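# Next comes the sequence, and after it the predicted model I'd like to discuss.
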Amino acid sequence: MNNFIYQNPTKLVFGKGQIARLPELIPADRRIMITFGGGSVKRNGVYDQVVKALEGRDFIEFWGIEANPSVETLRKAIALGKEKKVDFLLAVGGGSVIDGTKLVSAGLLYDGDAWDLVLKGSYSKTVPLATVLTMAATGSEMNSGAVISRYETKEKYAFYSHYPVFSILDPETLFSLPKRQIACGLADTFVHVLEQYMTTPGQSLLMDRWAEGILHTVVETAPKALSDERDYDTMSEYMLSATLALNDMIRMGVTQDWATHMIGHELTALHGLTHGATLAIVINGTLRVLRDQKHGKLLQFGERIWGITGGSDEERIDRTLVRTEEFFRSLGLSTHLSEEGIGQETIAEIERRFNASGVHYGEAGNVDGAMARRILEACL
């Protein structure tokens, strides 16, 4: 196992009715800005629960953080927060609202343009942030990362600040979600695990088993989570799986990949495709193209997750790749770029962007522009 440092300061407050605990979790003297997305929280009752819990507190609201949070919108939130002298942020929504609010938390204490912080990649001086999660997918409620878009230039980059102080996870908030959102959330969770697991074999028995436990849970709960009758226990398992998939836990002492995510971010920036939907496509190409590099972990993954044991190594890997793609299709998601009308022009642009940035992703540092092209062409 490699050397590592691990610290996750986020307090999880999990279960039915926990939104009512907001008054005891947020200091009474704070000037709060509550950030929201497009309004679904008013339809599912979450907004009413939050407002009731904070009755008598000093708070303002900011609405309109997009599914792929844009710096253009977040600049407005920062300006409002500075005007009202906000010193505590509460993000109520899914990963995009939380991601966007992380940039706001840094922007409130920064004199320049917020996009400067995104290009810098991180900023440690922030206003405290907490969350009420309403969509399980990104794990942003218990990590320090965010992904921010700039619509003017069709760019999308990762940004890191501080962890949320606390996050409230009530599985009942997921009941009203459209099936496609749940499907994308399940795909996001699954690929988050693969980015940390599908790398170098033999690094940590414990990390492998934790990762495999999350993968098994996602596979087992997916059909129930997508059914018409939403079940509290099922949504509890799904919600917690999404959080644990990207809260730094399963990456302790192991190599990581993240090439699929970086390629997926470009697809979102260029075409607006939902993040989880990009991952359901790109991960299949990544595994096909890098199958020799990931040989040992593909065999382990096939045996432990899909029960594939018979045949030669290459036959087992072939079946593992097929079974993995079938899983994403079972969620109702596309697994080929052509299904989304994306072709060679986009592939060439992503290769150009990778080359211009000089990036090398993946556990072996070998996913550059040319490799990204190979991966995307394997997804056509």
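Alright, I've got the coordinates.
# quick check, Leu299 in a helix?
Yes. Residue state for Leu299 (DSSP: H, G, I helix; E, B strand; the rest coil) corresponds to a helix.
# My understanding was that it contacts Glu314; is that so?
No. Here Leu299 lies out of contact with Glu314, judged by CB atoms under 8 Å, at a distance of 10.0 Å. C-beta here means a position set from N, CA and C on the backbone, and glycine is covered the same way.
# And the helices in the stretch 251-380 of the chain, which stretches?
Remark: helices assigned in the stretch 251-380 of the chain by DSSP state H, counting those that start in this stretch are 259-271, 275-289, 295-306, 313-330, 344-357, 369-377.
# For the longest one, which residues meet the burial criterion?
Buried positions in helix 313-330, judged by neighbour count with 16 or more other CB atoms under 10 Å: 316-321, 324-325, 327-328.
# Which of the residues you listed sits closest to Lys156?
Nearest to Lys156 among the buried residues of helix 313-330, counting by CB to CB, is Phe328 at 21.6 Å.
# Report the contact partners of the closest one.
Shown in contact with Phe328 (CB atoms under 8 Å, 6 or more residues apart in numbering): 187, 280, 283-284, 335.
# Repeat that for Leu80.
The contact partners of Leu80, taken as CB under 8 Å, 6+ apart, are 33, 60, 62, 86.
# Export the helix or strand that contains it to CSV, keeping only CA atoms.
Taking DSSP states H and E as the criterion, Leu80 maps to helix 71-83. Extracted in CSV, the C-alpha atoms of helix 71-83 (Å, rounded to 0.1, in the frame of the first residue of the first chain):
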residue,chain,number,x,y,z
VAL,A,71,-19.1,30.5,-13.6
GLU,A,72,-21.5,33.0,-15.3
THR,A,73,-24.3,32.1,-12.8
LEU,A,74,-21.9,31.7,-9.8
ARG,A,75,-20.5,35.2,-10.3
LYS,A,76,-24.1,36.5,-9.6
ALA,A,77,-24.3,34.4,-6.4
ILE,A,78,-20.9,35.7,-5.2
ALA,A,79,-21.9,39.3,-5.9
LEU,A,80,-25.2,38.8,-3.9
GLY,A,81,-23.3,37.1,-1.0
LYS,A,82,-20.8,39.9,-0.8
GLU,A,83,-23.5,42.5,-0.8
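# buried set for that helix?
Within helix 71-83, the residues scored as buried using 16+ other CB under 10 Å are 71, 73-75, 77-78, 80-81.
# what does stretch 221-239 give?
Buried residues in stretch 221-239 (16+ other CB under 10 Å): 221-222, 225-226, 230, 234-239.
# Between those, which sits nearest Ile19?
Among those, and counting by CB to CB, the member closest to Ile19 is Met239, at 14.0 Å.
# nearest residue to that closest one other than its sequence neighbours?
Among residues not flanking Met239 along the chain, Ala136 sits closest, at 4.3 Å (CB to CB, 6 or more residues apart in numbering).
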